[in-house]
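Participant: Mind folding the following:
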Amino acid sequence: MVIAKRMEPLVAGSSIIRKLFEEGKEMAKKVGAENVYDYSLGNPSVPAPDAVKSSIIKILDTEDPLFVHGYMSNSGYELVVAIANGGYLVTPYVVDSITDNDGNVVSQTETNIRRQVISEDVSRQLLAMMENNVYGEGNYHSCINAYVAGYRIGGKSGTAERTDRHLRGDGDYYKAMSFAAVLPIDDPEIEVFVLLDDPRWVKDYASQVVAPVVGNIISEIAPYLGIATDGVDRSGTTVKVPNLTGKEWSNAQVQLNIKGLKHHLAESESDQTAALVTYQYPRAGAEVPYGTTVYLYTDTYEGKHAEVPDVTGKSADFARQMLNAAGLNCTVEGSGTVQSQSEAPGSSVQQGTIVHLICG
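Facilitator: Coordinates of the predicted model:
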């Protein structure tokens, strides 16, 4: 419980990292370097690898808490798995099951619980801290770049100093930056863990460099996997489209994730790695329904056009699918079949145009 109480300010801003470091180091010295591994995430029945023992001894000898922070951040994915599973250390896996051509399950991954490393109460406290780290009460969330509107996400960043390499040309350590996220935070189903080796950006902070990558991954896979949303009814909510021109398209996606808007990157014949957005539709400043798809372009200053399909007489759901397949957004008024549509069938409009349907 003492550790849980001390971790809250550490997650929020590392304001007491020096005090926590000193107390933790003294505790570890009493336990002994050869036993620290067993008391953390190791398997007590398997001796700690020599490399791990060597790293632990370095930690106990160092006076730099940032070195310890770096060492710990690379083990983050396994720690987060334990926190997300009520304090139980569970072996993570990628493949849930394998099916044959007829859809029959031929192999199913079984959950492997290794042992309990923290109490369920501490697990709940840490999950709450992780959620607030991404989004929640208050005006500041250091890892908001991992947020995707509509989902309850918890996460923690880590920036490690690569002490196994010589210093960089600028005199600083090479950095390994990681971010671990779990969702939905009230009943975790998946963990997304990304580790980048010395990405070299303006800022050496995983919250600025890696968290956006995780958020973009979540925005793509959460709907596909059917991950539960936060349950908030946002129908009727409008969102102001941000100005995305001049930004790298992946960073533009981050802004759209946070606002509850989707994105579609138009295909280009040129390389789109780190490409800047040159045009968007709907345009910046437009008030659009929550969930609207914004079309992004990186090699043109005008958008592509789409032919509006005739959806009259169709059900609202089927009409929405037809319009989305054509590259168009839509809003629906009423219930039943479509009686009228705001854009005439066969007309040419920009991709991303919102077609209003009246049903009855």
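Participant: When you work out contacts or count neighbours from here on, use the C-alpha atoms and nothing else.
Facilitator: OK.
Participant: what number of residues lie near the nearest residue to L244 once chain neighbours are set aside?
Facilitator: Excluding its sequence neighbours, the residue lying closest to L244 (C-alpha to C-alpha, 6 or more residues apart in numbering) is A252, at 5.7 Å. A252: 19 surrounding residues under other C-alpha atoms under 10 Å.
Participant: how far away is A252 from Q280?
Facilitator: 10 Å (C-alpha to C-alpha, to the nearest Å).
Participant: Need the residues touching each of the two.
Facilitator: In terms of C-alpha atoms under 8 Å, 6 or more residues apart in numbering, A252 and Q280 are both contacted by the residues L244.
Participant: For T245, see how far away the residue nearest to L244 is.
Facilitator: If you go by C-alpha to C-alpha, the gap between A252 and T245 works out to 8 Å.
Participant: what's the overlap in contacts for those two?
Facilitator: V277.
Participant: quick one: the strands in the stretch 101-250 of the chain?
Facilitator: Using DSSP state E, counting those that start in this stretch, the strands of the stretch 101-250 of the chain run over residues 105-108, 113-116, 154-162, 174-183, 190-197, 238-240.
Participant: Return the alpha-carbon coordinates of the longest one using PDB.
Facilitator: Going back to what we said before, that points to strand 174-183. Extracted C-alpha coordinates of strand 174-183, given in PDB (Å, rounded to 0.1, in the frame of the first residue of the first chain):
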ATOM      1  CA  TYR A 174      20.800   7.000 -26.800                       C
ATOM      2  CA  LYS A 175      17.200   6.600 -25.800                       C
ATOM      3  CA  ALA A 176      14.800   3.800 -25.800                       C
ATOM      4  CA  MET A 177      11.200   5.100 -25.500                       C
ATOM      5  CA  SER A 178       8.200   3.100 -24.700                       C
ATOM      6  CA  PHE A 179       4.500   3.500 -24.000                       C
ATOM      7  CA  ALA A 180       2.100   0.800 -22.700                       C
ATOM      8  CA  ALA A 181      -1.700   1.200 -22.800                       C
ATOM      9  CA  VAL A 182      -4.600  -1.000 -21.700                       C
ATOM     10  CA  LEU A 183      -8.300  -0.700 -22.600                       C
END
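Participant: what packs against it?
Facilitator: If you count contacts as 3 or more C-alpha pairs under 8 Å, 6 or more residues apart in numbering; DSSP states H and E, strand 174-183 packs onto helix 76-84, strand 154-162, strand 190-197, helix 206-209, helix 211-225.
Participant: Mind putting those into TSV with distance to A181, mean neighbour count and mean pLDDT?
Facilitator: Formatted as TSV, those follow (distance: least, C-alpha to C-alpha, whole Å; neighbours: other C-alpha atoms under 10 Å; pLDDT from 0 to 100):
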stretch	distance to A181	mean neighbour count	mean pLDDT
helix 76-84	8	23	81
strand 154-162	4	25	85
strand 190-197	5	18	90
helix 206-209	12	22	89
helix 211-225	7	18	95
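Participant: I'd like the mean pLDDT over the helix or strand harbouring Q280, please.
Facilitator: Assigned by DSSP states H and E, Q280 falls within strand 279-281. Throughout strand 279-281, pLDDT has a mean value of 97.
Participant: Next, count neighbours for K304.
Facilitator: K304, neighbours per other C-alpha under 10 Å, totals 16.
Participant: circling back to that earlier point, redo the helices and strands packed on strand 174-183 as JSON lines? Include distance to Q350.
Facilitator: Listed next are those as JSON lines, based on distance: least, C-alpha to C-alpha, whole Å:
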{"stretch": "helix 76-84", "distance to Q350": "43"}
{"stretch": "strand 154-162", "distance to Q350": "37"}
{"stretch": "strand 190-197", "distance to Q350": "35"}
{"stretch": "helix 206-209", "distance to Q350": "33"}
{"stretch": "helix 211-225", "distance to Q350": "24"}
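Participant: so which of those gets nearest C143?
Facilitator: With C-alpha to C-alpha as the measure, helix 206-209 is the member of these nearest C143 (5.1 Å).
Participant: what does the closest one rub up against?
Facilitator: Contact with helix 206-209 is made by 142-143, 145, 157-159, 177-179, 199, 201, 203, as judged by C-alpha under 8 Å, 6+ apart.
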